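**Student:** Have a look at this prediction, sequence included:
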Amino acid sequence: MASLPGILAKAGRWLLLRERGGIRQSIRGHGNVFQAEEVTLKNVELDVIGDDNKIIIGRGGALTNVRIRLRGSGHRIEFGENCRISRGALLWFEDENGLLQVGSNTTMVEVVIGVTESGSEVVIGEDCMFANDIDLRTSDSHSVIDLSTGERLNYPGNINIGQHVWIAPHSVILKGVSIGENSIVATGAIVTKSFGSDVIIGGNPAKIIKADVSWTRERISKNTNHKEK
């Protein structure tokens, strides 16, 4: 494990480093940048083939057992300050110009985030809380064809998770989904369409279970009333 005051690594045509400050790197291409400042890294792997990709980890971040796999050029990964991945993650990109943006103070236990097909985006707000076995995908990665028209049926779609959203274990967030701020995704939910703020959603496919709710990280005793200010 390494706590680093600052890293700025820029890859030329070929860079292969087995270990540096908690990071294993295998990078092929031009202009690839990994930038981190005052972060803690443990068993982080960069596996990059392409050009002009950029990874930025904000101050105070802590990443454990994270594999970042980029195929293609112009991808961008941005974690805000004090983000944490505590158990593990696979962040994988394909094609060109994908974006993963994670807001400050967001925590994740164990996630897979796939940003595939050119121009796809996953944007996650501040102070979100992701549990274990969470899967987000902007694409099905393969085409489904309507035999009568020859048209593709499953084009990619961006994912947008608002501020302060809690996603419980074993949940899947699929292409084109937006979830509003303060909402909760129940355990095992398969989310195939968008939902607004202040709701609990669950089921397969997910639907609204309860509206007009919020949540807090603190545990509140049974006899204590908690009301958001």
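**Tutor:** Noted; the coordinates are in hand. In this text, all values refer to a predicted model and were calculated from it rather than measured experimentally.

**Student:** what's the least confident helix or strand in the chain, going by average pLDDT?
**Tutor:** When each helix and strand of the chain is scored by mean pLDDT, DSSP states H and E, strand 14-20 comes last, with a mean of 43.

**Student:** need the next SSE after that strand, C-terminal direction.
**Tutor:** strand 23-28 (DSSP states H and E).

**Student:** Going by neighbour count, list what's buried in the host helix or strand of Glu45.
**Tutor:** In this structure, Glu45 is located in strand 39-49 according to DSSP H and E. Buried positions in strand 39-49, judged by neighbour count with 16 or more other CB atoms under 10 Å: 39-41, 44, 46, 48. Heads up, the C-betas are built off the backbone N, CA and C, glycines and all.

**Student:** With just CA atoms, put that strand into CSV.
**Tutor:** Once non-C-alpha atoms are left out, strand 39-49 reads as follows in CSV (Å, rounded to 0.1, in the frame of the first residue of the first chain):
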residue,chain,number,x,y,z
VAL,A,39,-4.0,9.4,-2.5
THR,A,40,-3.7,5.9,-1.0
LEU,A,41,-3.4,3.1,-3.5
LYS,A,42,-3.3,-0.6,-3.0
ASN,A,43,-3.1,-3.2,-5.8
VAL,A,44,-4.2,-0.8,-8.5
GLU,A,45,-3.6,-2.0,-12.1
LEU,A,46,-3.5,0.3,-15.2
ASP,A,47,-4.0,-1.7,-18.4
VAL,A,48,-4.1,0.8,-21.3
ILE,A,49,-3.9,0.4,-25.1
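
**Student:** what angle separates that strand from strand 23-28?
**Tutor:** For strand 39-49 and strand 23-28, the angle between their directions (axes from the mean of the first three to the mean of the last three CA atoms, to 10 degrees) works out to 20 degrees.
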